[in-house]
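# Here is my input; please provide its structure:
(2 chains)
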2 protein chains.
Amino acid sequence: MKPRSLSLLLPSSLAIDASDLRSKTAKIGQIARAASVFRADRIVIYRDPDLDETELIERILNYAETPQYLRKLLFPLAGDLRYAGTIPPLRTPHHPDAEKIEIGDIRVGVVVRVHENGSWADIGSKRSAFLNVSMQKGERVNVRITSKKPLKAVPVDDDEIAGYWGYSVARAGSLSGALTLTPTPTPAHGLRIATSRYGESIDADLLRKIGAESGSEDVLVVFGAPHKGISEIMDEEKREGKGKSEKSFIAEFDYTLNVLPDQGTATVRLEEAVVATLAILNLAFH
Amino acid sequence: MKPRSLSLLLPSSLAIDASDLRSKTAKIGQIARAASVFRADRIVIYRDPDLDETELIERILNYAETPQYLRKLLFPLAGDLRYAGTIPPLRTPHHPDAEKIEIGDIRVGVVVRVHENGSWADIGSKRSAFLNVSMQKGERVNVRITSKKPLKAVPVDDDEIAGYWGYSVARAGSLSGALTLTPTPTPAHGLRIATSRYGESIDADLLRKIGAESGSEDVLVVFGAPHKGISEIMDEEKREGKGKSEKSFIAEFDYTLNVLPDQGTATVRLEEAVVATLAILNLAFH
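Okay, the predicted model is just below:
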């Protein structure tokens, strides 16, 4: 059954094998695409001491998730984002193709001007939309169009939005830390799924079981680093005193899954594992 | 259950949205990786009149599938293969990391010298291996090492090879033509699976059913073009008189599957669809 939310936990070393910014960007872009195809709500980058590229990953993921019309406003297209233009468009409902705006449309906006009577947001139209509320300049806000001439809109809550509306990006100092982040503060809440080639091979029965348990839960799917599995990462963190939990690796998770039984290659790349895992879990969720 | 063979049918227009050779290469490389992770035996490129890049696709897929030590011998690293070095290694059993060779090892070789008493093949060692059979120069052959000093080997049959040993690449003038290629000459043989976002949403029950039917069969998985589904392609071919079959699109296939129910994006890229589809079918096969 459909989970309440879907979060992906990924290591800060995920692009460790990519030798240059262009290939790092391509890899992170593939993860942004996969997260969107499978409607992930949140991506958490947890720190792997082997390589901490959290900032780069976060910036590229956020860039990809931002509607095209707001990118120039929010991101300087230099430095780290030099190749971000090569990432294929996400084509999610919050990235509209056309400029055409109708009353009732929901759009992502960014506040560009503030006044004591209200605020103006860039919503991808030639003119800014007036919001009858006071906001911070630069704030990102989802709005519903209430008038075309003059262009006016009102902020909307998340639960008023029907389609997939992109993911947020968060960071954590360690994997153990990431597991204690809200919206899954304790293992009693939510379903925690670890991916590992040494995990239980997933099949139709297991898929049905996970499906039955995932309804209305906050589901967390955790991926290890390219050269280091989740269990190894948690052992390292324990040795360094970061792992607060005395529980074993296995006990931290509801499921430890091998989603690629009998793989033909010695290794599976993270971007491949993300698509494969989410494609399979998506069946459990529907 | 494990199929006897797994073939992927892909259109010659698969890279139509990639604007330059570098991104076409990356896309084709991702397909080579996916085919290897999921142990595909064969990739058939069928001609889509919208864009026929069969030669380029075939060359890049073959390059990626060739063990590193034979690439220089078989492919001029110029022209179309300019960016092929950026494709991540497949790391299949037939692409050994080390040069070390032991008696009993199976290797891919290419005949580099012929003589009336036998042939010599490059098997990735400093010295060529002597084969006690007459062969054609340039021929590719799988061999088992029988002696280290002097280096000797004998050709082996496919059924003597246990691990995944790569894919072959074939071409077809049309999708209808591809469906009549061996090893699945008639619909009575093998399991034909079409992928379509308008297909039946796959779930645990359907997965189990496909699993029960796939054992020892030649399984064909067919993908449409980026902007044109399988049904549209077959209709076009019928209009042009290429579709020999009078059967409807649906009747050509045992299953027409939507493997991505409730996708968050307007479109799914072919390389994403290939990984997602094969990841799901892999569960049915194990």
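
# could you point out which element follows the helix or strand of chain A with the lowest mean pLDDT?
None of the helices or strands of chain A scores lower by mean pLDDT, DSSP states H and E than helix A:249-252, at a mean of 77. In the C-terminal direction, the helix or strand that comes right after helix A:249-252 (DSSP states H and E) is strand A:255-258.

# Listing partners with orientation, what would you give for that next one?
Partner strands for strand A:255-258, per DSSP bridges, with pairing direction: strand A:191-201 (parallel).

# Figure out how far the least confident helix or strand of chain A is from the centre of its chain.
A distance of 23 Å separates the centroid of the chain from that of helix A:249-252, by C-alpha atoms, centre = their mean, to the nearest Å.

# can you check stretch A:159-169 too?
Distance of stretch A:159-169 from the chain centroid (C-alpha atoms, centre = their mean) equals 11 Å.

# What of stretch A:94-114?
When distances are taken as C-alpha atoms, centre = their mean, stretch A:94-114 is centred 21 Å away from the chain's centroid.

# roughly how far apart are the residue of chain A positioned farthest from its centre and A:Asn132?
Here chain A has its C-alpha centre computed as a mean, and the residue farthest from that point, by C-alpha atoms, centre = their mean, is A:Lys149 with 35.6 Å. Here A:Lys149 is placed at a distance of 16 Å from A:Asn132 (C-beta to C-beta, to the nearest Å). Glycine gets a C-beta too; all of them are placed from N, C-alpha and C.

# got it, and A:Gly264?
A:Gly264 is 59 Å from A:Asn132, where distance means C-beta to C-beta.

# neighbour count winner among the two?
More neighbours sit around A:Gly264 than around the other of A:Gly264 and A:Asn132, counting by other C-beta atoms under 10 Å in any protein chain shown; the figures are 23 against 12.

# Just to check, the more buried one is in contact with B:Trp165?
No: contact status for A:Gly264 versus B:Trp165: not in contact, 9.1 Å apart, counting by C-beta atoms under 8 Å.

# mind listing what the closest residue in space to A:Glu53 that isn't next to it in sequence touches?
Using C-beta to C-beta, 6 or more residues apart in numbering or on different chains and skipping the chain neighbours, the partner closest in space to A:Glu53 is A:Ser12 (5.5 Å). For A:Ser12, the contacting residues are A:45-48, A:51-54, A:57, by C-beta atoms under 8 Å, 6 or more residues apart in numbering or on different chains.

# In a markdown table: the residues you listed, plus secondary structure and neighbour count.
Formatted as a markdown table, the entries for those read as follows, by DSSP: H, G, I helix; E, B strand; the rest coil; neighbours: other C-beta atoms under 10 Å in any protein chain shown:
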| residue | secondary structure | neighbour count |
| --- | --- | --- |
| A:Ile45 | strand | 25 |
| A:Tyr46 | strand | 26 |
| A:Arg47 | coil | 21 |
| A:Asp48 | coil | 25 |
| A:Leu51 | coil | 15 |
| A:Asp52 | coil | 16 |
| A:Glu53 | coil | 22 |
| A:Thr54 | helix | 19 |
| A:Ile57 | helix | 26 |
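
# Make TSV from the residues you listed and add pLDDT to it.
Putting the contacts of A:Ser12 into TSV (pLDDT from 0 to 100) gives the following:
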residue	pLDDT
A:Ile45	98
A:Tyr46	97
A:Arg47	97
A:Asp48	97
A:Leu51	97
A:Asp52	98
A:Glu53	98
A:Thr54	98
A:Ile57	98
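
# The stretch 101-250 of chain A against chain B: which residues are in contact?
Taking C-beta under 8 Å from any C-beta of the partner chain, the part of the stretch 101-250 of chain A that reaches chain B is made up of A:164, A:201-205, A:207-208, A:211.

# buried subset of the residues you listed?
Taking 16 or more other C-beta atoms under 10 Å in any protein chain shown as the criterion, what is buried in these is A:164, A:202-204, A:207-208, A:211.

# ok so, going back, any shared contact partners between A:Gly264 and B:Trp165?
Overlap between the contact sets of A:Gly264 and B:Trp165, as judged by C-beta under 8 Å, 6+ apart, is given by B:Thr92.

# export the helix or strand containing A:Ser176 as CSV, just CAs?
Using DSSP H and E, the secondary-structure element containing A:Ser176 is helix A:175-179. These are the backbone C-alpha positions of helix A:175-179, laid out as CSV (Å, rounded to 0.1, in the frame of the first residue of the first chain):
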residue,chain,number,x,y,z
LEU,A,175,24.0,7.0,8.9
SER,A,176,23.0,6.4,12.5
GLY,A,177,22.0,10.1,12.7
ALA,A,178,20.0,9.9,9.5
LEU,A,179,18.0,7.0,10.9
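
# what's that helix packed up against?
Under the contact criterion of 3 or more C-beta pairs under 8 Å, 6 or more residues apart in numbering or on different chains; DSSP states H and E, the helices and strands touching helix A:175-179 comprise strand A:5-11, strand A:42-46, strand A:218-222, helix A:230-239.

# Alpha carbons of the longest one, in PDB - could you do that?
Right, helix A:230-239. Once side chains and other backbone atoms are set aside, the C-alpha atoms of helix A:230-239 remain, and they are given as PDB (Å, rounded to 0.1, in the frame of the first residue of the first chain):
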ATOM      1  CA  ILE A 230      25.500  -0.500   5.300                       C
ATOM      2  CA  SER A 231      26.600  -3.000   7.900                       C
ATOM      3  CA  GLU A 232      30.300  -1.900   7.500                       C
ATOM      4  CA  ILE A 233      29.300   1.700   7.700                       C
ATOM      5  CA  MET A 234      27.300   1.200  10.900                       C
ATOM      6  CA  ASP A 235      30.200  -0.800  12.500                       C
ATOM      7  CA  GLU A 236      32.600   2.000  11.700                       C
ATOM      8  CA  GLU A 237      30.200   4.500  13.200                       C
ATOM      9  CA  LYS A 238      29.900   2.400  16.300                       C
ATOM     10  CA  ARG A 239      33.700   2.200  16.700                       C
END
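
# Contacts made by it with the rest, please.
So helix A:230-239 is in contact with A:11, A:48-49, A:174-176, A:194-196, A:198, A:222-225, A:243, A:249, A:252, A:256, going by C-beta under 8 Å, 6+ apart.

# Now with 10 Å, please.
The set of residues that contact helix A:230-239 without belonging to it, under C-beta atoms under 10 Å, 6 or more residues apart in numbering or on different chains, is A:9, A:11, A:13, A:46-50, A:173-177, A:179, A:194-196, A:198-199, A:222-225, A:228-229, A:242-250, A:252-253, A:256.

# Surely A:Ser216 and A:Lys2 touch.
Yes: under the contact definition of C-beta atoms under 10 Å, A:Ser216 touches A:Lys2, with a separation of 7.6 Å.

# These two: which has the busier surroundings?
Set side by side, A:Ser216 and A:Lys2 show more neighbours around A:Lys2, with 15 against 9, by other C-beta under 10 Å.

# Please, which helix or strand holds the more buried one?
Applying DSSP H and E as the criterion places A:Lys2 outside every helix and strand.

# Regarding chain A, what is its longest helix?
For chain A, the helix reaching the highest residue count under DSSP state H is reported as helix A:21-37.

# Can you give me the buried ones in that one?
A:21, A:23-37.

# cool, and stretch A:157-177?
Neighbour-count burial for stretch A:157-177, counted by 16+ other C-beta under 10 Å, picks out A:164-167, A:169-172, A:174-177.

# Next: stretch A:72-85.
Applying a neighbour-count criterion of 16+ other C-beta under 10 Å, one finds A:75, A:80-81, A:83-84 buried in stretch A:72-85.

# Specify which member of those is nearest to chain B.
Top of the list for closeness to chain B, among the buried residues of stretch A:72-85 and by C-beta to the nearest C-beta, is A:Tyr83 at 11.2 Å.

# give the contact list for the nearest residue to that closest one once chain neighbours are set aside.
The shortest distance from A:Tyr83 to any residue other than its chain neighbours is 4.1 Å, reached at A:Thr25 (C-beta to C-beta, 6+ apart). Contacts of A:Thr25 were listed using C-beta under 10 Å, 6+ apart, and they are A:15, A:18, A:56, A:60, A:63-64, A:80-87.
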